[in-house]
Every structure is written in structure tokens, then in C-alpha cells.
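Enquirer: Sequence plus the predicted model coming up.
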Amino acid sequence: MPRTRHDLVNRALAELGVVGAGQTAAAEDFDEIDKAVAPVMSDLATRDIWVWGDPDAYDDDAFDHLAVLLANARARAFGLASDEQKRLLAEQRLRGLKPTILSGRTQEIEYF
């Protein structure tokens, strides 16, 4: 079952150690990560690492790797150093997944 953007942002905050199990993130912290989702996903698509279709549905296989990349991209905003090794590993894992269905919608065929 695909996970939502909200789930992804919360997972990235947990990866950073900003929120613990059962805690709710502060609105400012949530917004800091949330505004990074589109640029990070766009960067991954531009470099042909991961292309996603629905901006509010993320495959379970890619979910944790995307959260690591998102957390790593905004680590400095939380006073933490970004980890190049984690980034490279997550990108490598995403390259191996290469989704075949991006949006989950059926493809419309036009007969002629």
C-alpha cells in the first residue's frame, strides 16, 4: 500500500531524530521538511535515479530510502551534518527499484 507525503515527512523527521515514536512534529519542523519534498524528488528524477508519479503516494519499497534522502537534504536546518554515505546508499537502492508503474492509473489507449 503506498504511503502518503505526510508519512514521508514524518519518517524523515524521525530519521533526523527530531521526533520520537508517538510524538507529533512541530509545525515549523514539519514545514521545513515538507517544502523539500518537491525539490528532492525533482533532483532524483532529473538524475534518473527515481521518478515518481503521484506526489502523495510513495511505494513501500522506496519509502525508507526516500525518507533518508529527504532527511539528509535538510539535516543542516536542524543543526546536523549531512551524511554522504547514507545519501549514496539510498540513491543506489532507489536505482535498483526503478518503478514500472508511476501513478497507479490505467493507461488510456487511443485506437486509430
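Expert: Structure's in. What do you need?
Enquirer: show me the contacts for the one residue sitting closest to the centre of the chain.
Expert: With the centre of the chain defined as its mean C-alpha position, the nearest residue by Cα atoms, centre = their mean is residue 66, 3.3 Å away. Going by Cβ atoms under 8 Å, 6 or more residues apart in numbering, residue 66 touches 8, 40, 41, 50, 58, 90, 94. Glycine gets a C-beta too; all of them are placed from N, C-alpha and C.
Enquirer: Tell me the one among those residues nearest to residue 70.
Expert: Residue 70 has its nearest neighbour among the contacts of residue 66 in residue 40, at 5.4 Å by Cβ to Cβ.
Enquirer: before we move on, which element is that closest one in?
Expert: Residue 40 is located in helix 27-46, with elements delineated by DSSP states H and E.
Enquirer: Kindly report the same for residue 61.
Expert: helix 60-73.
Enquirer: gap between that helix and the chain center?
Expert: 4 Å (Cα atoms, centre = their mean, to the nearest Å).
Enquirer: Quick check: mean pLDDT of stretch 45-62?
Expert: For stretch 45-62, mean pLDDT rounds to 84.
Enquirer: Any idea how far apart the tips of it sit?
Expert: This stretch, stretch 45-62, spans 14 Å end to end (Cα to Cα, to the nearest Å).
Enquirer: got the buried residues for that stretch?
Expert: Neighbour counts over stretch 45-62 (16 or more other Cβ atoms under 10 Å) mark 49, 50, 52, 57, 58, 59, 62 as buried.
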